[in-house]
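*Asks:* Build me a model:
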Amino acid sequence: MPKKDSKDFIKINRTLFWIFLLGLTFAVAFLIRIFFNSQKTLYYELNGFTMGTYYRIVVASSKVESKQLAEIIFKELDRIYKKYNPKDPESVVWKINSSNDWVDLDEETFVIVDSALKFAELTNGAFDPALGTLISLWGFDRLDEKIPSKIPPDEAIKKALEQSGYKNVELDGRTRRIRLHNNVKLDLGGIVKGYALDRAYQIAKEIDPSCTGFIEVGGDIRILGPKFGSRPWVVGVRDPFSPSKAVTYFYMTSGAVATSGDYERYFVYENKKYHHIIDPKTGYPAQGVTSATVISEDAITADALSTAAFVSGADWEYVILEYPKIGGIVLLISHDGTVKKSSAIKAYEKR
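*Replies:* So this is what the prediction gives:
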């Protein structure tokens with residue numbers, strides 16, 4: 001057998017050395033990746049009470065302190081609540097409702113009212129931002145007070161119906177003004193919560209485009225970004241008949257979800273429940289379903305359409321088929337516990 005030259009031996013060793021070094025580099029890179037992936041994002045949680053209900057902010061930021069970002073988000077939610085609280089004499093809604101003439105609107109208020117009127121048209125009046133008189137008559141405008149447990153007289157409801165309805169709202173887009181007719185009163189409670197979530201989302205993303213987490217107000221949720229950068233947030237749809245349970249779960253990395261139900265604000269009179277979601281056609285609490293949940297790309301759409309879906313829930317076939325065409329995927333729960341849902345909702349029920 002011929003003897004190997006020393007030069008060949010050196011070449012072989014150099015080759016083995018570079019193979020070893022390359023392998024070591026990949027191994028170190030792999031270990032570094034595992035290490036950093038195992039360092040989970042730290043979320044800061046802030047919760048409390050605003051908009052007449054509870055709120056929960058869960059956020060993580062790499063640009064600013066997560067606590068600071070959560071506090072900024074809360075301040076925006078609270079600012080909007082104070083600006084559009086119909087019971088506050090300093091609010092915009094109070095000013096509009098107190099006038100019999102044209103009222104100038106700032107850009108933000110114009111956008112909210114214009115959106116509300118458009119949703120009213122899209123839902124054939126099932127969502128109606130001009131039910132202030134009826135809501136006040138029933139006592140459901142008292143967000144921070146105890147709800148009176150009495151039914152208004154039929155004549156009072158009939159009169160309040162005459163002083164309600166979005167078609168009595170005149171909005172001038174050219175001059176950005178509003179005028180109410182027939183003693184109608186605005187109540188933007190069915191849409192302003194969604195708007196507040198979207199504004200808070202916008203502000204958070206302006207500060208840190210890569211921030212993740214979610215914002216929740218009264219069960220309505222706006223997703224800021226995937227959990228730990230890639231995993232979905234798990235959103236449970238409450239079982240109206242067993243509050244500690246969920247009828248299903250949604251797995252969401254973006255978008256919004258809102259639920260309207262008869263179990264949040266209500267009173268019981270002679271063994272019958274009377275809740276805060278008023279049917280614009282009857283003047284009484286809507287009776288079609290017990291819960292309506294809507295998934296949408298933004299919270300303002302989810303908020304408005306969940307109210308409309310609740311009011312129109314008796315016509316469930318129309319709701320689950322047509323509402324996706326105007327931006328909302330729907331899940332309805334009837335009084336006997338039957339669940340009806342848009343076909344597109346299945347995509348959110350899968351991990």
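*Asks:* which stretches of the stretch 101-250 of the chain have low pLDDT?
*Replies:* 143-146 (pLDDT under 70).
*Asks:* Show me where it has its strands.
*Replies:* Using DSSP state E, counting those that start in this stretch, the strands of the stretch 101-250 of the chain run over 103-104, 169-172, 177-180, 212-217, 220-225, 233-239, 242-252.
*Asks:* Output those strands in a markdown table, with distance to Glu90 appended to each entry.
*Replies:* Every C-beta, even on glycine, is put in place using the N, C-alpha and C of the backbone. Below are these laid out as a markdown table (distance: least, C-beta to C-beta, whole Å):
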| stretch | distance to Glu90 |
| --- | --- |
| strand 103-104 | 15 |
| strand 169-172 | 22 |
| strand 177-180 | 18 |
| strand 212-217 | 21 |
| strand 220-225 | 25 |
| strand 233-239 | 34 |
| strand 242-252 | 36 |
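*Asks:* For Asn85, which of those strands is the nearest?
*Replies:* Comparing these against Asn85 with C-beta to C-beta, the closest turns out to be strand 212-217 (13.9 Å).
*Asks:* Could you spell out the sheet neighbours of that closest one, each with its direction?
*Replies:* Neighbouring strands of strand 212-217 in its sheet, by DSSP bridges, are strand 53-60 (antiparallel), strand 220-225 (antiparallel).
*Asks:* if we look at it, which residues are touching it?
*Replies:* 41, 43, 50-51, 53-60, 73, 77, 193, 196-197, 200-201, 204, 221-229, 233 (C-beta atoms under 8 Å, 6 or more residues apart in numbering).
*Asks:* Just the buried subset of these, please.
*Replies:* Buried subset of these (neighbour count, 16 or more other C-beta atoms under 10 Å): 41, 43, 50-51, 53, 55-60, 73, 77, 193, 196-197, 200-201, 204, 221-227, 233.
*Asks:* List the residues that contact the closest residue to Asn182 other than its chain neighbours.
*Replies:* In space, and not counting its chain neighbours, Asn182 is closest to Asn168: 4.9 Å by C-beta to C-beta, 6 or more residues apart in numbering. With contact taken as C-beta under 8 Å, 6+ apart, Asn168 is in contact with Ala130, Leu180, His181, Asn182, Val184.
*Asks:* Tell me which helix or strand comes right after the helix or strand encompassing Ile300.
*Replies:* In this structure, Ile300 sits in helix 299-311 according to DSSP states H and E. Counting by DSSP H and E, the element after helix 299-311 in chain order, helix or strand, is helix 316-322.
*Asks:* Give the rounded mean pLDDT of the helix or strand following that following helix.
*Replies:* Counting by DSSP H and E, the element after helix 316-322 in chain order, helix or strand, is strand 329-333. Confidence for strand 329-333, expressed as mean pLDDT, is 98.
*Asks:* try stretch 69-87
*Replies:* Here the average pLDDT along stretch 69-87 is 97.
*Asks:* what does stretch 257-273 give?
*Replies:* Mean per-residue pLDDT for stretch 257-273: 90.
*Asks:* before we move on, what SS does the nearest residue to Asp220 once chain neighbours are set aside have?
*Replies:* Once flanking residues are discounted, Asp220 sits nearest to Ala258: 4.1 Å by C-beta to C-beta, 6+ apart. Put simply, Ala258 is strand when judged by DSSP: H, G, I helix; E, B strand; the rest coil.
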